[in-house]
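Visitor: Return atomic coordinates for the entry below.
(chains A, B, C and D)
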Protein chains: 2
Amino acid sequence: MKRRRSVARAAKTKPGKNAAPPKCAPKLALGQLDRHLGYFLRRLQIWVFQDFIETLRSMKVRPAQYSVLLLIEANPGRSQAVIGQTLGIERARLARLLHEMERRKWVARRASGSDARSHSLHLTADGEKELAKIKSLAERHEARLADHVGPKRHRQLMDLLRDFG
Amino acid sequence: MKRRRSVARAAKTKPGKNAAPPKCAPKLALGQLDRHLGYFLRRLQIWVFQDFIETLRSMKVRPAQYSVLLLIEANPGRSQAVIGQTLGIERARLARLLHEMERRKWVARRASGSDARSHSLHLTADGEKELAKIKSLAERHEARLADHVGPKRHRQLMDLLRDFG
DNA sequence: TATTGTTATACTCTATAACTATA
DNA sequence: TATAGTTATAGAGTATAACAATA
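Guide: Numbering: from 1, shown residues only, chains lettered A, B, ... in the order given. Next up, the predicted model:
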């Protein structure tokens, strides 16, 4: 043993794959984990995020960005505070997120008429055009998800989760 | 406006609350978000993690650590590779996670008899004692979760999510 | 005094690369 | 050559603190 303190210093020799290989599942006992809804929720959530990110890689859009774009589209002119509260995104984080989307010319922050402190958020023409493409990829992702869990289970989960909260 | 470049430099005056206030929900239109299972999955997942972390704050145990402890308890002697694959935790991250748990004297890494490269993982007596406390707190969290979504929905979600995968 | 948006910092988590010891 | 475990680093995401402008 003794494998510590002897490390890489940006030597760069070969690519070297390190990602978790598919392999056969080892099938361990889950113990108490089997009684935690959060565990199963999280397993599926990981799958969803990975598939979403993979499916939308060409557009370089992450789940949080996508949700912000959709919310601005459905509620143009609202403030950052309201968008952030609805999605549960910290206003500090949302500020940086929007800065990036402004840089990409997808979103415009205009002065609010009623309150000089707040910005009113809008999609640009470019943003709307790009969002159309993004939405079609997101639909492809959703179809894959329905296929992954089974169409019936997909519908049941949607019903259960949507009409609470 | 013009609120950029004029910033804090560890001035430290007052605590100042910055966290998202509860407030009344602004009730925005969700648009296409309403058709994405991942969105609702994530909303609930965020609630679960926050409640779990809060409930187990006194033990300083996070969800990933908890899942590793349970899996070692249910499968003593297995290797890091197998534990990590089962939980979907990168081996790099698991190594640091276990380093921390070893420091706390909850987990012991022993040499494997069959393969000198791998470690076999076990709970220490201390680890088992602490895990008992942790599990009782985790049960309290699970009860709160059942209360949050409703006992019936909790059971339905568990059934749907458990028997797939 | 409180709120909106901003920047900064620290920590967790994920992903990847590179290294060692061993197979 | 491949695998198990380690360390390092970079990027998201979360949480918190502090600030300027405004209410």
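
Visitor: hmm, the longest helix anywhere in chain A touching DNA strand D?
Guide: Assignment by DSSP state H gives helix A:125-149 as the longest helix of chain A. No. Against DNA strand D, helix A:125-149 shows no contacts by CB under 7 Å from any atom of the strand, the least distance being 14.5 Å. Every C-beta, even on glycine, is put in place using the N, C-alpha and C of the backbone.

Visitor: Going C-terminal from that helix, what's the next secondary structure element?
Guide: Per DSSP states H and E, the first helix or strand lying C-terminal to helix A:125-149 is helix A:151-162.

Visitor: what angle sits between that next one and helix B:125-149?
Guide: Interaxial angle, helix A:151-162 versus helix B:125-149 (axes from the mean of the first three to the mean of the last three CA atoms, to 10 degrees): 80 degrees.

Visitor: Briefly note if helix A:151-162 comes near chain B.
Guide: Yes. Counting by CB under 8 Å from any CB of the partner chain, chain B has neighbours in helix A:151-162: A:153-154, A:156-158, A:160-162.

Visitor: filter these down to the ones near DNA strand D?
Guide: Checking the residues of helix A:151-162 next to chain B against DNA strand D (CB under 7 Å from any atom of the strand), there are no matches.

Visitor: Out of those, who's the most crowded?
Guide: residue A:157 (22 neighbours; other CB atoms under 10 Å in any protein chain shown).

Visitor: show me the contacts for the residue sitting nearest the centre point of chain A.
Guide: Centroid-nearest residue in chain A: residue A:63, 1.7 Å away (criterion: CA atoms, centre = their mean). Applying CB atoms under 8 Å, 6 or more residues apart in numbering or on different chains to residue A:63 gives the contacts A:49, A:52-53, B:38, B:42.

Visitor: run the last query once more with 6 Å
Guide: Contact analysis of residue A:63 by CB atoms under 6 Å, 6 or more residues apart in numbering or on different chains lists residue A:52.

Visitor: same deal with the one 10 residues further on?
Guide: Contacts of residue A:73 were listed using CB under 6 Å, 6+ apart, and they are A:123, B:31.

Visitor: Could you list the low-confidence segments of chain A?
Guide: Per-residue confidence for chain A (pLDDT under 70) gives these ranges: A:1-25, A:165.

Visitor: what are the ranges of the strands in it?
Guide: A:107-111, A:119-123 (DSSP state E).

Visitor: by contact count, what packs against the first one?
Guide: Going back to what we said before, that points to strand A:107-111. Helices and strands touching strand A:107-111, by 3 or more CB pairs under 6 Å, 6 or more residues apart in numbering or on different chains; DSSP states H and E, are strand A:119-123.

Visitor: For the strand it packs on, what is the distance to the chain centroid?
Guide: Put simply, strand A:119-123 sits 21 Å off its chain's centre (CA atoms, centre = their mean, to the nearest Å).

Visitor: Partner strands of it, with direction?
Guide: Sheet pairing for strand A:119-123, assigned by DSSP bridges, gives strand A:107-111 (antiparallel).

Visitor: what's the partner strand in contact with?
Guide: So strand A:107-111 is contacted by A:98, A:101, A:119-120, A:122, A:124, A:127 (CB under 6 Å, 6+ apart).

Visitor: Report the buried residues of it.
Guide: Buried residues in strand A:107-111, defined by neighbour count with 16 or more other CB atoms under 10 Å in any protein chain shown: A:107-109.

Visitor: What's the local residue count around the nearest residue to residue A:74 once chain neighbours are set aside?
Guide: Closest residue to residue A:74 apart from its sequence neighbours, by CB to CB, 6 or more residues apart in numbering or on different chains: residue B:31 at 3.2 Å. Residue B:31: 16 surrounding residues under other CB under 10 Å.

Visitor: Next up, the contacts around residue B:31.
Guide: Counted by CB under 6 Å, 6+ apart, residue B:31 has contacts A:70, A:73-74.

Visitor: Touching, residue A:131 and residue A:71? I think so.
Guide: No. Assessed by CB atoms under 6 Å, residue A:131 is found out of contact with residue A:71, at 11.4 Å.

Visitor: Identify the residue nearest residue A:94 in space, chain neighbours excluded?
Guide: Closest to residue A:94 by CB to CB, 6+ apart is residue A:84, at 4.4 Å.
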